[in-house]
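J.: take a look and give me a structure for this.
(2 chains)
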Protein chains: 2
Amino acid sequence: MVEANIKISAIEYCLGEKKESGFDLQKDNPDWKIEDIEEKTGIKTRWIASKETTAVDLACKACDKIFKKVDRNKVDTLLFVTQSPDYFLPSSSCIIQNRVSLKTTTKCFDINLGCSGFIYALSMAAAYIKSGFSDNVLIVCADTYSRYIDKNDRTNRPVFSDAGSATLLTKSYSKRVGPFEFGTDGSNYDKLIVKEGAAKSSFKKNNKPTLYMDGAAVFMFTMSIVSKSIKAFLNKEGVVKEKIDMYIFHQASKVVLDNLQRVLELPDDSIYKNIRDLGNTVSSSIPIALKDADMNSTIAHEELILISGFGVGLSWGTCLLTWNKLL
Amino acid sequence: MVEANIKISAIEYCLGEKKESGFDLQKDNPDWKIEDIEEKTGIKTRWIASKETTAVDLACKACDKIFKKVDRNKVDTLLFVTQSPDYFLPSSSCIIQNRVSLKTTTKCFDINLGCSGFIYALSMAAAYIKSGFSDNVLIVCADTYSRYIDKNDRTNRPVFSDAGSATLLTKSYSKRVGPFEFGTDGSNYDKLIVKEGAAKSSFKKNNKPTLYMDGAAVFMFTMSIVSKSIKAFLNKEGVVKEKIDMYIFHQASKVVLDNLQRVLELPDDSIYKNIRDLGNTVSSSIPIALKDADMNSTIAHEELILISGFGVGLSWGTCLLTWNKLL
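T.: Numbers count the residues shown, from 1 in each chain, chains lettered A, B, ... in the order given. The predicted model follows:
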């Protein structure tokens, strides 16, 4: 019941304008051991949005790219996943609707989710299309986490990149998206958080939004809850793990990907990694990985793909895809 | 195709703790003509959240009320509509999941929409249930717009209240929700906006979030786009306006409701108003009106109800309901 006759027909993305290397980190932080950090994160390059570039700008850039391949007038629903909106209100999706000239009959809204956001948006798109509410859903993900990160933040700065992605979901003759598995554990809401800037701290003086991550806690969550959830999901759906041609996890960091592979006992060539040159692009990381894997033929038509996103919330989601070559 | 075998089975709500009268406005603003303002807004009382109360607190209060009537363990999906989240991240819905003890298998996310938000969330709930992704969806709406409003703001302070609502959607034997009609006009995104506080103004010094409304522009939007959209929707669905037992519009202000009634040529007893003692409660205004109308028997079992939300974005949505008595 939780599969749908829909497919991902196109994906495009863009990255923050400024390429940032280990050398750049070292300049600001002479005491950091860059080699040790890069060994753990697996990340050599990050992409940082310039001061004036917002998530909406990245979103529109990704949309402009996808509309070179698909007709914007077909889009009837726009789901925009972000945790760095331009304004508290209005919804950034409305601004995008106008900037990229979508029809005024388009359903538009923002979804606040992070690294699990693409999987959630995919389930919404699937539900909208399957139930007849929509025909063509554009999922746009964009974030500028760099705005929340200090230049001396050793936990977060080496990890996060700014990026935007646009993914078009359309009807399909066969079931290509789903089933899904989801979960939420709000008891650990404060393990990955920006405490300042919104309602909860509005009465405080020092209100500069700053990302805090309890790296160990988030790592443990991935190793325990996320890996268990994936195992239980495959078991429930009767899919043996060897049947899956490629596992595309949220590109959190090398240490997370390596250990997920170890805990789930997956062979080397079944787990996709493009984190080295891109960094952790939050909700865009899975669509970007799907696009890259499709482009470089790491995934092929009719192959079975598992995608899984997890992080801030804490929140997680997993989905099976029967792949089709992208436009 | 855009109807669904689902129904609204329960609604509960709560209001901001501080009751605010015209007398309170006058104290802070001796030059305001309170009678003239009240004549236009139709609002005599507003409900303002105390300094420490956030949208999440109001949301949890409304949830606690609904869980006296329905089993919280049945909820498999939580949609939280807000424009005043506790944090930029994580999603407030994850915090609510933990605070009101929903299962960790619950799908949770925040939707950023204002006065049209309930209608959008309703369509998502309908799509999730109809397509088999969910069985019981809890739509929670909560906002503390008062946080964005200065005590001397003559446009907004007389209008907005803080409130939270919880609405349970479940399967039904007959079609009770839908069809729907939606629209977005981001070219007027700046007619109702909080310019400060989020990404777009993050590099500026004076960054106190403040609500700005171009009252005339928003009023014109309601009279033109919204009223045309409702007429076109009824025409498309082949429903003559006399067949509708009650019109429950977003409770924006008396002048908006009166003029919508005039433009749509609706008889006096077919349009619901509870704005006088409640104020404009943003995304909660329609669920609160439905609850009140059900309680005081203004709407009855099997009656045909039209609900329509419109505002910030600009964004609008309309839906037909075949009413069933609430739990």
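J.: thought residue A:153 was touching residue A:212?
T.: No. Residue A:153 is beyond contact range of residue A:212, at 9.1 Å (criterion: C-beta atoms under 8 Å). Quick note: C-beta positions are derived from backbone N, CA and C, even for glycine.
J.: so the residue of chain A most remote from its centre is in which element?
T.: Computed with C-alpha atoms, centre = their mean, the residue of chain A farthest from its C-alpha average is residue A:205, at 32.3 Å. Taking DSSP states H and E as the definition, one finds residue A:205 inside no helix or strand.
J.: so what's it up against?
T.: For residue A:205, no contacting residues are found, by C-beta atoms under 8 Å, 6 or more residues apart in numbering or on different chains.
J.: list the contacts of the residue nearest the centre of chain A.
T.: Centroid check for chain A by C-alpha atoms, centre = their mean gives residue A:283 as the closest residue, at 2.0 Å. Residues counted as contacts of residue A:283 (C-beta under 8 Å, 6+ apart) are A:81-83, A:113-118, A:121, A:141-143, A:165, A:309.
J.: what's the burial count for the residue of the stretch 201-327 of chain A at minimum distance from chain B?
T.: Chain B sits closest to residue A:313 of the stretch 201-327 of chain A, with a gap of 4.1 Å, by C-beta to the nearest C-beta. Other residues near residue A:313 number 32, with proximity taken as other C-beta atoms under 10 Å in any protein chain shown.
J.: leaving out chain neighbours, which residue sits closest to residue A:67?
T.: Once flanking residues are discounted, residue A:67 sits nearest to residue A:100: 6.8 Å by C-beta to C-beta, 6 or more residues apart in numbering or on different chains.
J.: please report the distance of that neighbour from residue B:231.
T.: Using C-beta to C-beta, to the nearest Å, one gets 28 Å for the distance from residue A:100 to residue B:231.
J.: and these two? which has more neighbours close in?
T.: A count of neighbours by other C-beta under 10 Å puts residue A:100 above the other of residue A:100 and residue B:231, at 22 against 14.
J.: where does the stretch 101-250 of chain A dip in pLDDT?
T.: Scanning the stretch 101-250 of chain A for pLDDT under 70 picks out A:203.
J.: could you redo the last one with a cut-off of 90?
T.: A:173-175, A:196-208 (pLDDT under 90).
J.: just the helices in it please.
T.: Taking DSSP state H, counting those that start in this stretch as the criterion, the stretch 101-250 of chain A carries its helices at A:117-130, A:215-221, A:227-237.
J.: out of those helices, which is the most enclosed?
T.: helix A:117-130 (a mean of 27; mean count of other C-beta atoms under 10 Å in any protein chain shown).
J.: that one vs helix B:117-130, what angle?
T.: Per axes from the mean of the first three to the mean of the last three C-alpha atoms, to 10 degrees, the angle that helix A:117-130 makes with helix B:117-130 is 80 degrees.
J.: does chain B sit close to helix A:117-130?
T.: Yes. Applying C-beta under 8 Å from any C-beta of the partner chain, one finds helix A:117-130 touching chain B at A:117, A:120, A:123, A:124, A:126, A:127, A:128, A:130.
J.: biggest separation within the residues you listed, which pair?
T.: Spanning the widest gap among the residues of helix A:117-130 next to chain B are A:117 and A:130, at 20.0 Å by C-beta to C-beta.
J.: ranges for the strands of the stretch 151-300 of chain A?
T.: A:163-171, A:177-184, A:192-194, A:211-213, A:246-249 (DSSP state E, counting those that start in this stretch).
J.: residues contacting residue A:55?
T.: With contacts defined as C-beta under 8 Å, 6+ apart, residue A:55 is in contact with A:82, A:84, A:85, A:86, A:92, A:142, A:143, A:144, A:164, B:199.
J.: same thing but at 10 Å, please
T.: A:49, A:80-86, A:92, A:96, A:110, A:140-145, A:147, A:162-164, A:282, B:198-200 (C-beta atoms under 10 Å, 6 or more residues apart in numbering or on different chains).
J.: would you mind measuring from it to residue A:183?
T.: Taking C-beta to C-beta, one finds residue A:55 at 25 Å from residue A:183.
J.: what do you get for residue A:20?
T.: 33 Å.
J.: and those two? Which one has more around it.
T.: The residue with more neighbours, out of residue A:20 and residue A:183, is residue A:183; 24 against 19, by other C-beta under 10 Å.
J.: make sure the more buried one is actually in contact with residue A:309.
T.: No. Counting by C-beta atoms under 10 Å, residue A:183 stays clear of residue A:309, with 11.3 Å between them.
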